[in-house]
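S.K.: Predicted model follows, preceded by the sequence.
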Amino acid sequence: MGNCFGFTSSSSSSSSSSSSGGRGVFGTFHSSHFDSSSGSHSEPWYNSRASPSSEPRRSLFAPLTGASSSARAQANKDRQAAWARTGMVGGRGMALIVVPEAALDLGPRAKSVDLADNKISTLPNAAGSWTNATRIALSHNSLDVLPDAVVRGWSANLRKLLVDRNKLRELPDVIGTLAKLEELDACGNVAVSIPPSIGQLTKLRVLLLARNRIKLLPAELSTCTSLEILDAAENEIEEIPATFGQLQRMKQLKLNRNRVAKVPPQVLTGCANLHTLELHDNPIDHATLSATDGFSEFEARRREKHGRIVDGGVMLGSAGLDEGVDRRAERFVPHT
């Protein structure tokens, strides 16, 4: 196993395939740190669920292999009845190309919507009627945009939004209206920037941005005072904002496979709960990091969390992972 610098409590960093320049933009990363409960009911944010005429007609569901047409029809009817009865939309992995009419019909009665692992390319305006949904999963589809009107419709109660493995070019500015959002997974898209409005998400605890094309982490993230986990691995980030030192609840900062050459001392001293720092495959050397103010305090937290250092830099914690540094090259090298 090759030497590396990075500390992981339960899983190692991703090694998904890369795009040109050695940075992949597609891959799989799931997170389910927090469960959500339904919020209080409120009136729909608009008066009509009619969608633009240019939107595709909504189909039902993928056929059941080997089943008769009547059996398929009954299965779809039963499924829709369950959605209406529970408010829980379960349409994962059904080869859907559009959002089903039955899901849109629920409107504010929808508590949770799971349409992951399909082929949906657009969200109709009517999806904004899920005003009481606390969890929306749209992972692994073909979305290239999150419409402003739809996101605004989710602003009252949404706590968990999963849009990883799509084709999103950006996160909309209105993402900042999701006042109760606790977890956002946007890994594996093609986004190049994060809007400053993300700093309005003061309840955000988990932010997953790995495998995109992000060049800059906005300083406004430092106002996400509840943030505990930030994964922005496999991007094109050159700098960690010094203002991140204000993130006192930050526990894990994962920046593998970027272009980071230094860590601001404010991060090591100000992030009092930071115990996991992953910097595999960055142009940062051991001498620079170890000489940074606050490194000894961070190292003490890391050892307490993950295990103790033995044999000149190899950590054997509960997960049996290594965090050694190749001091001959004085360069942090990838985990292998």
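M.R.: Right, received. Where do you want to start?
S.K.: Looking at strand pairing, list the partners for the spatially most central residue of the chain.
M.R.: Most central residue of the chain, judged by C-alpha distance to the mean C-alpha position with CA atoms, centre = their mean, is D185 at 1.7 Å. For D185, the beta-bridge partners are L162, L208 (DSSP bridges).
S.K.: Surely it touches L162?
M.R.: Yes. Contact criterion CB atoms under 8 Å: D185 and L162 qualify, at 4.7 Å. For glycine as for every other residue, the C-beta is placed from the backbone atoms N, C-alpha and C.
S.K.: what touches both of these two?
M.R.: S139 (CB atoms under 8 Å, 6 or more residues apart in numbering).
S.K.: secondary structure class for V89?
M.R.: Assigned with DSSP: H, G, I helix; E, B strand; the rest coil, V89 falls in the strand class.
S.K.: got a list of what it touches?
M.R.: So V89 contacts 83, 103, 106, 110, 112-115 (CB under 8 Å, 6+ apart).
S.K.: Where strands are concerned, which of those residues count?
M.R.: Counting by DSSP state E, the part of the contacts of V89 found in strands is 112-114.
S.K.: hmm, which of the residues you listed are the buried ones?
M.R.: Buried members of the ones in strands among the contacts of V89, counted by 16 or more other CB atoms under 10 Å: 112-114.
S.K.: Could you list the low-confidence segments of this structure?
M.R.: Applying pLDDT under 70 to the chain flags residues 1-67, 308-336.
S.K.: need the helices for it, in chain order.
M.R.: Along the chain, counting by DSSP state H, helices occupy 69-86, 101-106, 148-153, 265-270, 286-290, 295-306.
S.K.: What residues sit buried inside the fifth one?
M.R.: Meaning helix 286-290. Applying 16+ other CB under 10 Å to helix 286-290 flags 286, 289 as buried.
S.K.: circling back: redo the helices of the chain as TSV? Include distance to A179.
M.R.: Listed next are these as TSV, based on distance: least, CB to CB, whole Å:
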stretch	distance to A179
helix 69-86	26
helix 101-106	22
helix 148-153	12
helix 265-270	25
helix 286-290	37
helix 295-306	31
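S.K.: Tell me which of the ones you listed sits nearest to A127.
M.R.: Among these, helix 148-153 comes nearest to A127, with 4.9 Å by CB to CB.
S.K.: one step back: nearest to A95 among the contacts of V89?
M.R.: L115 (11.4 Å).
S.K.: shouldn't that closest one be in contact with R92?
M.R.: Yes. L115 is in contact with R92 according to CB under 8 Å; the separation is 6.9 Å.
S.K.: Who has more neighbours out of the two?
M.R.: Neighbour count, other CB atoms under 10 Å: between L115 and R92, L115 has more, with 25 against 14.
S.K.: Tell me who's in contact with the more buried one.
M.R.: Taking CB under 8 Å, 6+ apart, one finds 89, 91-92, 96, 99, 103, 137-138, 141 in contact with L115.
S.K.: picking that back up, mind listing the shared neighbours of L115 and R92?
M.R.: Residues touching both L115 and R92 (CB under 8 Å, 6+ apart) are A137.
S.K.: Now tabulate the buried ones among the ones in strands among the contacts of V89 in a markdown table and tack on distance to S69.
M.R.: Converted to a markdown table, these look like this (distance: CB to CB, whole Å):
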| residue | distance to S69 |
| --- | --- |
| S112 | 30 |
| V113 | 27 |
| D114 | 26 |
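S.K.: Tell me which stretches of the stretch 201-336 of the chain form strands.
M.R.: 206-208, 229-231, 252-254, 276-278, 309-310, 314-315 (DSSP state E, counting those that start in this stretch).
S.K.: For these, give me JSON lines that also has distance to R79.
M.R.: Shown next, in JSON lines, are the strands of the stretch 201-336 of the chain (distance: least, CB to CB, whole Å):
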{"stretch": "strand 206-208", "distance to R79": "30"}
{"stretch": "strand 229-231", "distance to R79": "34"}
{"stretch": "strand 252-254", "distance to R79": "38"}
{"stretch": "strand 276-278", "distance to R79": "41"}
{"stretch": "strand 309-310", "distance to R79": "54"}
{"stretch": "strand 314-315", "distance to R79": "49"}
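S.K.: mind putting the ones you listed in JSON lines, mean neighbour count and distance to V151 included?
M.R.: Listed next are the strands of the stretch 201-336 of the chain as JSON lines, based on neighbours: other CB atoms under 10 Å; distance: least, CB to CB, whole Å:
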{"stretch": "strand 206-208", "mean neighbour count": "22", "distance to V151": "16"}
{"stretch": "strand 229-231", "mean neighbour count": "22", "distance to V151": "21"}
{"stretch": "strand 252-254", "mean neighbour count": "23", "distance to V151": "26"}
{"stretch": "strand 276-278", "mean neighbour count": "22", "distance to V151": "30"}
{"stretch": "strand 309-310", "mean neighbour count": "12", "distance to V151": "45"}
{"stretch": "strand 314-315", "mean neighbour count": "17", "distance to V151": "41"}
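S.K.: Kind regards, and thank you for your time.
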